[in-house]
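Engineer: Give me a 3D structure for the following:
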Amino acid sequence: MEPIRKHEGAVVPLNRANVDTDQIIPKQFLKRIERSGFGQFLFYNWRFDENGDARDDFVLNKPAYQNGTILLAGENFGCGSSREHAPWSLEDYGFRVIIASSFADIFYNNAMKNGIIPVQMNEEQVQQWMKQAEKDELVLTVDLEKQMIQDGERKIDFGISPYHRENLLHGLDDIALTLQHEDKITTFENVR
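Structural biologist: Residues are numbered from 1 along each chain as shown. Here you go, the predicted structure:
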């Protein structure tokens, strides 16, 4: 997992609530065992029609949002089944930050374990950014160290648990956390 301290990026406005993990990465694409290659299937049923052609009306297919790295969404983002493939596909597509007014708990934790910063922001602020991003390019700077989002001259604080914050800052997933104790594990195994 890559460390992430500060991220500046263009916002992609996904103006939908209750986006479930089956929409993020549909079940037919869960056959892969590696963590990469899922980005091409992100929001597949919304991005493509039954013939596999890109839908002009979906936000990710619009030229203005092609280079977006911050996803802005409605409430209850990541609900549904607990598939870890959902954050894999978002990260593989290029998203480093997801801002929503609320997240499903399992998705929220899976996102952080995979190097994505999920920022919970009040609904009023989300809708303000949504309108701005739908009208014109919106670039935000998310500073994980200071737990702050910069929107032009405005600075808005956000909360995140100290445990998850430290893991994201240092690029530590569950395996990397365990390997920090490799010498103790080896000693235990040798004595055992």
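
Engineer: Would you state the helices of this structure in chain order?
Structural biologist: 21-24, 44-47, 85-93, 105-113, 123-135, 162-170, 174-179, 182-191 (DSSP state H).

Engineer: what sits up against the lengthiest strand in the chain?
Structural biologist: Taking DSSP state E as the criterion, the chain has its longest strand at strand 6-14. With contacts defined as Cβ atoms under 8 Å, 6 or more residues apart in numbering, strand 6-14 is touched by 59-60, 65, 67-74, 95-97, 99, 117, 129-130, 133-134, 137-145. C-beta: built from backbone N, CA, C; applies to glycine.

Engineer: one more time with 7 Å, if that's ok
Structural biologist: Residues from elsewhere that reach strand 6-14 (Cβ atoms under 7 Å, 6 or more residues apart in numbering): 59-60, 65, 67-73, 96-97, 129-130, 133-134, 137-145.

Engineer: ok so, going back, among the helices of the chain, show me which one is buried the most.
Structural biologist: helix 85-93 (a mean of 24; mean count of other Cβ atoms under 10 Å).

Engineer: Direction-wise, compare it with helix 105-113 and give the angle.
Structural biologist: 40 degrees (axes from the mean of the first three to the mean of the last three Cα atoms, to 10 degrees).

Engineer: Return the alpha-carbon coordinates of helix 85-93 using CSV.
Structural biologist: The C-alpha trace of helix 85-93 is given here as CSV (Å, rounded to 0.1, in the frame of the first residue of the first chain):
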residue,chain,number,x,y,z
HIS,A,85,-13.1,-5.9,-4.7
ALA,A,86,-15.0,-2.6,-4.4
PRO,A,87,-12.1,-0.5,-3.0
TRP,A,88,-9.7,-2.5,-5.3
SER,A,89,-11.6,-1.3,-8.3
LEU,A,90,-11.8,2.3,-7.2
GLU,A,91,-8.1,2.4,-6.4
ASP,A,92,-7.2,0.6,-9.6
TYR,A,93,-9.3,3.2,-11.6
